[in-house]
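# give me coordinates for this.
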Amino acid sequence: MKRSVFEGRTIYTFKESGSTYDIDGDLELNLTIKLPSLLPLPPGFNTIGSKIVERTCRERLKVNIRELRDAYIEWAEQ
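Below is the predicted model of the structure:
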């Protein structure tokens, strides 16, 4: 993992819907791992890894959106 690099960003968007706002978020994450050229990988390795990363990112984004919502509500009530 010392030779791997993570790059990412979160994009928040919101839409006004009457008297409420809908907040949505997209998480973009790129993982670059430098592997030796002759490293044999089992079939499906990328697919399995991608699903694990996708699920983890989705859950973290949900938590992030909830925290953003709660912080906004707390600020608005002051």
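# switch to C-alpha atoms for all contacts and neighbour counts from now on
OK.
# you'd agree Thr10 is in a strand?
Yes: going by DSSP: H, G, I helix; E, B strand; the rest coil, the assignment for Thr10 places it inside a strand.
# distance check, it against Cys57.
Shown here: Thr10 relative to Cys57, a distance of 10 Å by C-alpha to C-alpha, to the nearest Å.
# hey, where'd the strands end up in this structure?
4-17, 20-33 (DSSP state E).
# just name the most buried of the ones you listed.
For those, ranked by mean neighbour count under the definition mean count of other C-alpha atoms under 10 Å, the leader is strand 20-33 at a mean of 12.
# which other helices and strands contact that one?
With contacts defined as 3 or more C-alpha pairs under 8 Å, 6 or more residues apart in numbering; DSSP states H and E, the secondary structure elements packing on strand 20-33 are strand 4-17, helix 45-76.
# try it again at 6 Å.
Applying 3 or more C-alpha pairs under 6 Å, 6 or more residues apart in numbering; DSSP states H and E, one finds that strand 20-33 contacts strand 4-17.
# check the offset of the strand it packs on from the chain's centre.
Mean-position distance between strand 4-17 and its chain equals 7 Å (C-alpha atoms, centre = their mean, to the nearest Å).
# now stretch 44-64
With C-alpha atoms, centre = their mean, you get 8 Å for stretch 44-64.
# pLDDT averaged over stretch 6-25 - what is it?
Mean pLDDT, stretch 6-25: 83.
# residues in contact with that stretch: which ones?
The contact list for stretch 6-25 (C-alpha atoms under 6 Å, 6 or more residues apart in numbering) reads 26-31.
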